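>>> next comes the sequence, and after it the predicted model I'd like to discuss.
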Amino acid sequence: MIEFTNVSKSYQVGGTTIPVLRDISFQIGSGEFVSIMGPSGSGKSTLMHIIGCLDTPTSGQVSLFGASLASMTRDELARTRNREIGFVFQNFHLIARMTALRNVELPLVYAGWRRSKRIERATQLLTDVGLEHRLNHYPNELSGGQKQRVAIARALATGPSLILADEPTGALDTATGTEIMGLFQRLNQQGVTVVVVTHDDSIARYASRIIHVRDGEVVDN
Ligand code: ADP
Ligand code: MG
């Protein structure tokens, strides 16, 4: 599903080249549950942005769902990003002026769904993550764990086959973080490929495989 071959990424900052990923190669198969671990600044988010078609490598090949990213048009990339991949972030990225239900509906608005179908789908997704009693609450009326559940329901709205979560438990206490990982585990059992970035050993343990990143290199996988 995901294949990196000799991928490097560097940023240009004020005329200097800063290498962030150095010659990384790895594969993640369909149906896997993988943790990416590494210290702060090691390049984990950059790696996730490249997997999620939010950024491109400086050199090397990336293929996703069997297609080389370099060969995909801008429209194909946007379609893959919007329909095939669900994103979950540390700080939830919910829209404050929208209820939980509206937040989950939003990707379906962009995908052109009719209102009645959107409401039906968003209600089902929020029920699946245990929030059937919070549909009309605003983000500031929800706990951190509940916000992350809304964000996960939103990530699942278009039925993606891949979930990318960057430090999804970083803003949560251990017990709540453990519940969120249990939710990812259940999604994975339902067939969704899950990639979770974390620097927490107890969180990484939930995955069936751990990829370690250090100073922009994959040191073990
Ligand atoms: P991690 O998620 O593991 O903490 P990041 O991928 O966010 O690491 O960052 C890796 C390195 O790349 C850091 O040194 C960071 O400062 C640098 N970096 C990240 N994004 C940019 C950018 N847009 N421009 C310049 N440097 C960046
Ligand atoms: Mg990061």
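That came in fine, so what should we check first? Ligands and ions are numbered 1, 2, ... in the order given.

>>> how about residues contacting the lowest-mean-pLDDT helix or strand in the chain?
When each helix and strand of the chain is scored by mean pLDDT, DSSP states H and E, strand 217-220 comes last, with a mean of 84. Here strand 217-220 makes contact (Cβ atoms under 8 Å, 6 or more residues apart in numbering) with 21, 22, 23, 24, 25, 26, 210, 211, 212, 213. All C-beta spots, glycine's among them, are computed from the backbone N, C-alpha and C.

>>> whichever of those residues end up buried, select them in PyMOL.
A single PyMOL command selects the buried members of the contacts of strand 217-220 (16 or more other Cβ atoms under 10 Å):
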select buried, resi 21+24+26+210+211+212+213
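
>>> which elements pack onto the lengthiest helix in the chain?
The longest helix of the chain (DSSP state H) is helix 174-189. For helix 174-189, the packing partners by 3 or more Cβ pairs under 8 Å, 6 or more residues apart in numbering; DSSP states H and E come out as strand 33-37, helix 144-155, strand 162-166, strand 193-198, helix 201-204.

>>> the residue of the chain found nearest ligand 2: what's it in contact with?
With Cβ to the ion, the shortest gap between the chain and ligand 2 falls at residue 45, namely 3.2 Å. Counting by Cβ under 8 Å, 6+ apart, residue 45 touches 166, 197.

>>> any idea how far residue 218 is from the residue nearest the centre of the chain?
When Cα atoms, centre = their mean is applied to the chain, the residue found nearest the centroid is residue 164 (1.9 Å). For residue 164, the distance to residue 218 (Cβ to Cβ, to the nearest Å) stands at 17 Å.

>>> please save the CA atoms from stretch 98-108 in CSV.
What follows is stretch 98-108, C-alpha atoms only, in CSV (Å, rounded to 0.1, in the frame of the first residue of the first chain):
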residue,chain,number,x,y,z
MET,A,98,-19.5,23.6,14.2
THR,A,99,-21.1,20.8,16.2
ALA,A,100,-19.7,17.3,16.3
LEU,A,101,-22.2,16.2,13.6
ARG,A,102,-21.3,19.1,11.3
ASN,A,103,-17.6,18.5,11.7
VAL,A,104,-18.0,14.9,10.6
GLU,A,105,-20.3,15.9,7.8
LEU,A,106,-17.8,18.3,6.3
PRO,A,107,-15.7,15.9,4.2
LEU,A,108,-19.0,14.6,2.8
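
>>> now do the buried residues in it.
Using 16+ other Cβ under 10 Å as the test for burial, stretch 98-108 gives 99, 100, 101, 102, 103, 104, 105, 106, 107, 108.

>>> and the gap between residue 200 and residue 2?
From residue 200 to residue 2 the distance is 22 Å (Cβ to Cβ).

>>> out of these two, which sits in the busier spot?
It is residue 2, of residue 200 and residue 2, that has more neighbours when counted by other Cβ atoms under 10 Å, with 20 against 15.

>>> check contacts around the closest residue to the more buried one other than its chain neighbours.
Computed as Cβ to Cβ, 6 or more residues apart in numbering, the closest residue to residue 2 that is not its neighbour in sequence is residue 28, at 4.2 Å. Residues in contact with residue 28 (Cβ under 8 Å, 6+ apart) are 1, 2, 3, 34, 193, 195.
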